[in-house]
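**Q** I need the structure of the sequence given here:
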Amino acid sequence: MSIALLPFKVLLILIDIAITIITFGWVKPLLALFKKTPVRSIPVNDGIESHRVAPAYKNNLLTKPSNGATTLYEMADKAFAANAGKACMKSRKYLGMKSIKPPVKHFDDSVITLSYEEVGAKVSKFGAALRQEGLVSAPDVASLDAMTTPCSLAIFENTCAEWMISAMGAFSQSIVVTTIYATLGMDAVVSAIQDGTISAIVCNKKDVKKVLSRSVDMKTLKTIIYTSDCVADSDTYDFGVVPKGVKVVSFEDFIEFGDVKAFPPTPPKPSSMAVLMYTSGSTGKPKGVVITHEQVVSCAASAAIALGMNKDDVYLGYLPLAHILELMAEIGAIQIGCTICYADPKTLTAKGSYPKGALEVYSPTAMAGVPKIWDVIKKGAEAKVANMKPVAKFLVNTAFEWRTFAINHGFDTPLFKALVFKKFSNLVGGNLRIALSGGGPLNNEVQVFIRTCFGVPFVQGYGLTETNAGLTIQDTSDLRSGIAGAPIPSVEVKLLSVPDISDKAGLPYLNTDKFDVEGNKIHGRGEILVKGPSVSLGYYMLQDKTDEVYDKDGFFHTGDIGQFMEDGSVRIVDRVKNLVKLKGGEYIAIENMEMTYGNSKFVDAIAGGICCYGDGDMDRPIALLQLSEPNTMAWAKENNVSGDFATVKETKELYNAVMDDMKAEHKKGGLSHLEKLVAICFLTDPWTPENGCLTAANKLQRRAVIEMFSKEFEATKAKGIF
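**A** Below you'll find the model as predicted:
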């Protein structure tokens, strides 16, 4: 910043402070000075500080919402009755691809709205139609044993209203929903159909031919119900030859077939299996997690309390519903009576959607996202700032600096909110009031940026498919970064000592620890274990795998190493299994490195991000990264490096600049000296779920990346061997 602009900066901040004083914005932070730091969890048993529970739920874990629902059918039925005339689901009509460069999805200006009453009617008819097709109710008590009757509906489709209507229709007849990621491919579908004795599947119209082509491998499959999500009226699809005994029917016609009088709802038991959720397959063949009705309901009720959502909220549904985070979020939204608006990650903004992005059309008040989504939003906002004129850039940077300080001290910045942040707020629709990150660790810098930029509580949640996505959720008033949150009301959490793994100071993780490596007071460190009414039963048809992580006392072993902070919140600090040993016997945390280095402006998160690597043959780690063209060319212009992107990419000057940036991120992230990258390689062919380099949940498939770019990988790896 030029010294000449310093007085202007001071003047702007003083004006903002004056407005804050006049508008009594100082009252809230003043009152906060007299408040004690809340206790966010307490010991389950006196004297054992590393085994904790939410304060109001000691000896009384939450099992159901305030309306008393004990199953997903009952929960939905109560929501349909209580909110009959209210908007339940909103979607946009797809018109085809817009012929611009690059081509984007084209949507009609109008929004299709279904009320809770209308959704309820469709749910009942869909459930009845399933019974007419020969599906039967699941056993009253769920188990890990193979299903031997056609009591499950497979859903192999992207997130859309039809997905949730199909699922709730199945729940109304005590039929299990088997989820399959839409990007996993036909092998995953065949495996699920075979293992589950499944006779009916919901899929997209585009995928019907693929499903039919493998029907010979799916002897039990009798009914294919297709949706037309993102299928234009003018699009035509040839299904090919439909085998004898297999019915292909549209979602709309299937609902019309439903005879509710002949097949009224068959309410499930709380102990009945509700969902068989296959994981995204980041560690081999997907495992099916068995989840009962009571487990889903208790977790949804807990999340609603932790996040403070209400029936006036508008939730943006765009993550894969085959991922537990999105499924739980939408179930929770329906339980509360919110409106769910459907989109997909690529159509959130006008860059992937014509004429407007979903955020602008729907103006959500609540949204969840995986860390990669938030990183993309951050870098998109930063790119806008980078292209501003110097004075405008100065104003924005001043606003960010001052608002970050203000939020951390309990107040806002009225002047900068009006001048700067209102424009940024419009990037997410203008009405966002709460945002949640889940599905993986969130970079501290990203969390601070999003909270400052949009001026909303931006919290982390922590959980796994095995815990129904719910384990901890950060308090909306908690402004710390790197906090996974406090235990939700339906679980108790304890820490198991891991003496064989040490922190950066060389000290083992013990559940009796009183201080962490940074000197913070804590209530123990160790592997995070969890149990409660919202924790799943185990892995379908895999008793041996279940026994490895579900112990005899009912605790699920997460594999994550965490610590209870002084207030009882959880911070995740390590992994039990995801550490990599280098040649000298030292361990490095690859995933944590990727989270840290991925914050570099040179890393293109949209194209896949960064893949760090180390092994027992190497002295130090290396990385392959997706190079951001806009930021690279901006750097080239600033540093007088000529040529197009392909030319600049090969220059030594760029390599050195990126390495310097990686060193800066290494220092900011507090990584160990062993985790400093010694070599990098620039890639520009994106990593996607379609080419196998990312899972369907957008998690990195390290092995696939290495295989696809083996030549580049081997050349870079050699630089990590001294």
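**Q** just for this structure, where's the confidence low?
**A** 1-2, 280-284, 578 (pLDDT under 70).
**Q** Domain map for it?
**A** As assigned by automatic domain parsing, the chain contains the domains 72-342, 579-720.
**Q** For residue 418, find the nearest of these.
**A** Minimum separation from residue 418 across the domains of the chain (Cβ to Cβ) falls at domain 72-342, 23.8 Å. C-betas here are computed from N, CA, C, even on glycine.
**Q** quick one on the thing from earlier: rebuild the domains of the chain as TSV, extending it with distance to residue 438 and mean neighbour count.
**A** Output for these, formatted as TSV (distance: least, Cβ to Cβ, whole Å; neighbours: other Cβ atoms under 10 Å):
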stretch	distance to residue 438	mean neighbour count
domain 72-342	5	20
domain 579-720	11	18
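**Q** Adding distance to residue 558, write these out as TSV.
**A** What follows is the domains of the chain, written out as TSV (distance: least, Cβ to Cβ, whole Å):
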stretch	distance to residue 558
domain 72-342	13
domain 579-720	14
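**Q** Now do the contacts for residue 691.
**A** Residue 691 makes contact with 704, 708 under the criterion Cβ atoms under 8 Å, 6 or more residues apart in numbering.
**Q** What's the separation between it and residue 429?
**A** Going from residue 691 to residue 429 by Cβ to Cβ, to the nearest Å gives 31 Å.
**Q** same question, residue 463
**A** Residue 463 is 26 Å from residue 429, by Cβ to Cβ.
**Q** What of residue 186?
**A** Taking Cβ to Cβ, one finds residue 186 at 36 Å from residue 429.
**Q** what do you get for residue 14?
**A** For residue 14, the distance to residue 429 - Cβ to Cβ - is 32 Å.
**Q** More neighbours: which of the two?
**A** Neighbour tally, residue 14 and residue 429, criterion other Cβ atoms under 10 Å: the higher count belongs to residue 429, 22 against 11.
**Q** which one is that one nearest to, not counting chain neighbours?
**A** residue 363 (3.7 Å; Cβ to Cβ, 6 or more residues apart in numbering).
**Q** burial of the one you found, as a residue count?
**A** When counting by other Cβ under 10 Å, one arrives at 16 neighbours for residue 363.
**Q** before we move on, what about residue 397?
**A** 15.
**Q** again, but for the one 10 residues further on
**A** Neighbouring residues of residue 407 were enumerated by other Cβ under 10 Å; the total is 17.
**Q** Which elements pack onto the helix or strand encompassing it?
**A** Residue 407 belongs to helix 390-408 when assigned by DSSP states H and E. Counting contacts by 3 or more Cβ pairs under 8 Å, 6 or more residues apart in numbering; DSSP states H and E, helix 390-408 packs against helix 6-22, helix 371-386, helix 414-416, helix 444-454.
**Q** Show residues contacting the second one.
**A** Right, helix 371-386. 319, 345, 349, 369, 393, 396-397, 424, 427-428, 435, 437, 439-443, 446-447, 449-450, 453, 595, 598-599, 601, 605-606, 609, 628, 630-631, 634, 698.
**Q** Same question for the longest one.
**A** Residues outside helix 6-22 that contact it (Cβ under 8 Å, 6+ apart) are 1, 25-26, 394-395, 398, 402, 411-416.
**Q** Swap in 7 Å and give it another go.
**A** 26, 398, 402, 411, 413, 414, 415, 416 (Cβ atoms under 7 Å, 6 or more residues apart in numbering).
**Q** ok, now the third one?
**A** Under the contact criterion Cβ under 7 Å, 6+ apart, helix 414-416 has outside partners 12, 15, 16, 19, 20, 23, 25, 399, 402, 403.
**Q** if we go to 6 Å?
**A** Contact with helix 414-416 is made by 15, 16, 19, 399, 403, as judged by Cβ atoms under 6 Å, 6 or more residues apart in numbering.
**Q** Same check on the last one?
**A** Helix 444-454 is contacted by residues 374-375, 378, 381, 400, 403-404, 424-425, 428, 432, 458, 481-482, 599 when judged by Cβ under 6 Å, 6+ apart.
**Q** okay, the next helix or strand after that helix in PDB with CA atoms only?
**A** Toward the C-terminus, helix 444-454 is succeeded by strand 458-462 as the next helix or strand (DSSP H and E). C-alpha atoms of strand 458-462 as PDB (Å, rounded to 0.1, in the frame of the first residue of the first chain):
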ATOM      1  CA  PHE A 458     -19.500 -19.800   8.900                       C
ATOM      2  CA  VAL A 459     -18.900 -22.900  10.900                       C
ATOM      3  CA  GLN A 460     -17.400 -26.300  10.500                       C
ATOM      4  CA  GLY A 461     -19.200 -29.600  11.100                       C
ATOM      5  CA  TYR A 462     -17.500 -32.900  11.600                       C
END
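**Q** Tell me the strands beside strand 458-462, with direction?
**A** Paired neighbours of strand 458-462 in the sheet (DSSP bridges): strand 434-437 (parallel), strand 472-473 (antiparallel).
**Q** so can I have JSON lines of the ones you listed showing distance to residue 83 and mean neighbour count?
**A** Compiled in JSON lines, the strands paired with strand 458-462 are given as follows (distance: least, Cβ to Cβ, whole Å; neighbours: other Cβ under 10 Å):
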{"stretch": "strand 434-437", "distance to residue 83": "20", "mean neighbour count": "23"}
{"stretch": "strand 472-473", "distance to residue 83": "24", "mean neighbour count": "28"}
